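Engineer: take this sequence and fold it.
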Amino acid sequence: MMALRVYVSGMVQGVGYRAFTKRKAQSYGLTGWVKNLSDGRVEVFVQGDSDVVWSFLRELLDGPPAGRVDSMEVFKEVPRYEERDFTVKY
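Structural biologist: As a prediction, this is how the structure comes out:
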């Protein structure tokens, strides 16, 4: 199992990016969360099988139709086994 923290920049707030991320993560069977940051970015914590996580990240680059991803910063994290689902944090 691998875990990553991802910071997504671009037009990612107010365009359904969090809901898009949650749907994609759940479709892949991943756990973690997504939330908006006060600086306009979106933060994602995701964990699961390595190949599946990388496939998920490729989809996050596209985002929802109304959004636009300019960049992603990806950092390796320690898996958190208490995460049981993928949620939106507020």
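
Engineer: span of stretch 44-53 from start to end?
Structural biologist: 12 Å (Cα to Cα, to the nearest Å).

Engineer: same question but for stretch 6-21, I mixed them up
Structural biologist: End-to-end span of stretch 6-21 (Cα to Cα): 12 Å.

Engineer: list the buried residues for that stretch?
Structural biologist: 6-10, 12-13, 15, 17-18, 20-21 (16 or more other Cβ atoms under 10 Å). All C-beta atoms are positioned from the backbone trio N, CA, C, and that covers glycine.

Engineer: out of these, which sit inside strands?
Structural biologist: In strands, judged by DSSP state E, the following of the buried residues of stretch 6-21 are found: 6-10.

Engineer: can you give me the helices for the protein?
Structural biologist: In chain order, the chain shows helices spanning 17-28, 50-62, with DSSP state H as the criterion.

Engineer: include distance to Lys89 and mean pLDDT when you put those into CSV, please.
Structural biologist: Conversion of the helices of the chain to CSV gives the following (distance: least, Cβ to Cβ, whole Å; pLDDT from 0 to 100):
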stretch, distance to Lys89, mean pLDDT
helix 17-28, 9, 98
helix 50-62, 16, 96
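
Engineer: most tightly packed of those?
Structural biologist: Between the helices of the chain, the one whose residues have the most neighbours on average, counting mean count of other Cβ atoms under 10 Å, is helix 17-28 (a mean of 19).

Engineer: so which elements touch it?
Structural biologist: Contacts defined by 3 or more Cβ pairs under 8 Å, 6 or more residues apart in numbering; DSSP states H and E place helix 17-28 against strand 31-36, strand 42-48, helix 50-62, strand 86-88.
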